[in-house]
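**Q** based on what follows, work out the 3D shape:
(chains A and B)
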There are 2 protein chains.
Amino acid sequence: MSRMPLEKKVLSENDRIAGRLRERFQERQVFCLNFISSPGAGKTSLLERTLESFSPSERVALLTGDIQTDNDARRLARFGFPVKQITTGGTCHLDARMIERALADWPLESLDTLLIENVGNLVCPSSYDLGEAAKVVVLSVAEGEDKPLKYPAIFFKSELMVLSKTDLLPYVSFDIGKAREYALQVHPGMEIVELSCKTGAGFDDWMKWLARRRESAKAEKVLASGQE
Amino acid sequence: MSRMPLEKKVLSENDRIAGRLRERFQERQVFCLNFISSPGAGKTSLLERTLESFSPSERVALLTGDIQTDNDARRLARFGFPVKQITTGGTCHLDARMIERALADWPLESLDTLLIENVGNLVCPSSYDLGEAAKVVVLSVAEGEDKPLKYPAIFFKSELMVLSKTDLLPYVSFDIGKAREYALQVHPGMEIVELSCKTGAGFDDWMKWLARRRESAKAEKVLASGQE
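**A** Residues are numbered from 1 along each chain as shown, chains lettered A, B, ... in the order given. Coordinates of the predicted model:
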């Protein structure tokens, strides 16, 4: 079958566009995160709470991907920051070209942070670079602790695992120690934050990670310009 | 881009093999179901409980798909029925060829029922016919009631929606009426069963659907032979 070479061609075309996006993000000092999870793991809730906690002067924008509906964009637009829905119409992931198109009429100069919510899918989005500074994988405690072993690619490629819906821990059989162990087995050194968007427990850890990671991205940029 | 024609070629090749499988299943009177859901929606738990409730004389076998690990096959093998793991090694869905290969050394004559647990993914598996009599979509109440609207293809193609983990209803904001409404909007007439594999509530409804659907498959077969 001639499938693999074509898949490779599509991926290398994607990598080319993602590289171009990454350059633009770095030049304009836009910190970009790509959020990936199963359907219903709580990406939108995490982003809602994050936007809610930002000051209105924060220069943040969101792109949110779904196969159908603009439900998420409507949920996220309530906070007054720019939000755009990317409806893929059947495609199981966002790709770099969709991001480039969505950003065409947005002046990147007006942004410090771009948050991209991918299509709910723990498999395919992991193959498509969107030019982000880092991927964040969200795993709900309702899903089972074995997911890092079963879907290793996305856990390997993400800098941070957010263990979400921890308020459900008393009602599900989810071994959080094992979840951490499996994630670190797939990706040694990966950072992990446990939180509940419902109760707010652990939410500060996430906001601290976000602030720290944004600062380190800026520092890298300064360092890189110093070396030029 | 030349992508769509190749995808179509892959899918039509898949349809050809699936058609061959469907013929074999019908000839040998094997009733085959294809279970599809997000990661962690509870397919394996549903199958565990189903096997547990079968009498040992039941002629049932299972194929279980995952990207990595044979965890599910090990969980399911405890009940003494034949189980085979299909590890896709990265591929986001099962395809008909994988099923054909997995069945190569299994005498279909010895089976009445074949249950196939797909890779945890609410998107891609919906495009790949496996020769099954029916698809069953499993949606956990931890995932949110909007999923039928966001991922319409699989809800449109499934004969039954199993709303799983209903024991979590008091702890999550999931509107079961809306979930039903959205599912029926996408797929009018679709059957729906609500259950909890933890408490057993609603489990009988699922077993009744299964028994009824197996009988109707047999009746169709008898009718078809009568018309020949």
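**Q** can I assume A:S173 sits in a strand?
**A** No: assigned with DSSP: H, G, I helix; E, B strand; the rest coil, A:S173 falls outside any strand and is coil.
**Q** phi first, then psi, for the residue lying closest to A:G200 once chain neighbours are set aside.
**A** Closest residue to A:G200 apart from its sequence neighbours, by C-beta to C-beta, 6 or more residues apart in numbering or on different chains: A:R49 at 7.8 Å. C-beta: built from backbone N, CA, C; applies to glycine. Dihedral angles of A:R49 (phi, psi; degrees, to the nearest 10) stand at phi -60, psi -30.
**Q** can you count the residues close to A:R49?
**A** 19 (other C-beta atoms under 10 Å in any protein chain shown).
**Q** again, but for A:S55
**A** 5.
**Q** one step back: what sits against the residue nearest to A:G200?
**A** A:197, A:200, A:203 (C-beta atoms under 8 Å, 6 or more residues apart in numbering or on different chains).
**Q** reformat these as JSON lines; add secondary structure and pLDDT.
**A** Formatted as JSON lines, the contacts of A:R49 follow (DSSP: H, G, I helix; E, B strand; the rest coil; pLDDT from 0 to 100):
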{"residue": "A:C197", "secondary structure": "coil", "pLDDT": "97"}
{"residue": "A:G200", "secondary structure": "coil", "pLDDT": "98"}
{"residue": "A:F203", "secondary structure": "helix", "pLDDT": "98"}
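**Q** list buried residues within those.
**A** Among the contacts of A:R49, those scoring as buried are A:197, A:203 (criterion: 16 or more other C-beta atoms under 10 Å in any protein chain shown).
**Q** nearest to chain B among the contacts of A:R49?
**A** When these are compared for distance to chain B (C-beta to the nearest C-beta), A:C197 wins out at 11.0 Å.
**Q** from B:L115, how far off is the closest one?
**A** Between A:C197 and B:L115 the distance is 35 Å, computed by C-beta to C-beta, to the nearest Å.
**Q** ok, A:R59 to A:A104 distance?
**A** Remark: distance between A:R59 and A:A104 (C-beta to C-beta) = 19 Å.
**Q** A:S216 too?
**A** For A:S216, the distance to A:A104 - C-beta to C-beta - is 29 Å.
**Q** of those two, who's got more company?
**A** Between A:S216 and A:A104, counted using other C-beta under 10 Å, the more crowded position is A:S216 (13 against 7).
**Q** please name the residues that touch that one.
**A** Neighbour list for A:S216: empty [criterion: C-beta under 8 Å, 6+ apart].
**Q** what about it, which SS state?
**A** Taking three-state DSSP, the label given to A:S216 is helix.
**Q** could you do A:N34 as well?
**A** Here A:N34 is strand, with the state taken from three-state DSSP.
**Q** helices or strands next to the helix or strand containing A:M161 in the packing?
**A** Using DSSP states H and E, A:M161 sits within strand A:160-164. Contacts defined by 3 or more C-beta pairs under 8 Å, 6 or more residues apart in numbering or on different chains; DSSP states H and E place strand A:160-164 against helix A:43-53, strand A:134-140, helix A:176-186, strand A:191-194, helix A:203-227.
**Q** how does it look with 10 Å?
**A** strand A:31-37, helix A:43-53, strand A:134-140, helix A:176-186, strand A:191-194, helix A:203-227 (3 or more C-beta pairs under 10 Å, 6 or more residues apart in numbering or on different chains; DSSP states H and E).
**Q** work out for me the element A:E23 sits within.
**A** Counting by DSSP H and E, the element that carries A:E23 is helix A:3-27.
**Q** ok, the spatially most central residue of chain A - contacts?
**A** Most central in chain A under C-alpha atoms, centre = their mean is A:F35, positioned 1.7 Å from the mean C-alpha point. Residues in contact with A:F35, defined by C-beta atoms under 10 Å, 6 or more residues apart in numbering or on different chains, are A:41-44, A:46-47, A:62, A:64-65, A:115-118, A:125, A:132, A:135-138, A:158, A:160, A:162.
**Q** follow-up on the earlier one: quick one: average confidence on the strand holding A:M161?
**A** In this model, strand A:160-164 carries a mean pLDDT of 98.
**Q** off-centre distance for stretch A:60-75?
**A** 13 Å (C-alpha atoms, centre = their mean, to the nearest Å).
**Q** for that stretch, how far is the first residue from the last?
**A** End-to-end distance of stretch A:60-75 (C-alpha to C-alpha, to the nearest Å): 16 Å.
**Q** quick one: distance of the strand or helix carrying A:I116 to the chain centre.
**A** In the assignment (DSSP H and E), A:I116 maps to strand A:113-117. Here strand A:113-117 is found 7 Å from its chain centre; the criterion is C-alpha atoms, centre = their mean.
**Q** please apply the same query to stretch A:118-138.
**A** Distance of stretch A:118-138 from the chain centroid (C-alpha atoms, centre = their mean) equals 6 Å.
**Q** that one and chain B, any residue contact?
**A** Yes: applying C-beta under 10 Å from any C-beta of the partner chain, one finds stretch A:118-138 in contact with chain B at A:119-124, A:126-127.
**Q** nearest to B:T88, of the residues you listed?
**A** A:V123 (9.3 Å; C-beta to C-beta).
**Q** residue contacts, that closest one?
**A** By C-beta under 10 Å, 6+ apart, the neighbours of A:V123 are A:36, A:38, A:92-93, A:150-151, A:153-154, B:39, B:67, B:88, B:90-93, B:119-121, B:123-124.
**Q** and A:F155, how many residues sit next to it?
**A** 25.
**Q** roughly how far does it sit from chain B?
**A** 11 Å (C-beta to the nearest C-beta, to the nearest Å).
**Q** could you measure from that residue over to B:Q68?
**A** Taking C-beta to C-beta as the measure, A:F155 falls 11 Å from B:Q68.
**Q** need the residues touching each of the two.
**A** With C-beta under 10 Å, 6+ apart as the test, A:F155 and B:Q68 both reach A:148-149, A:186.
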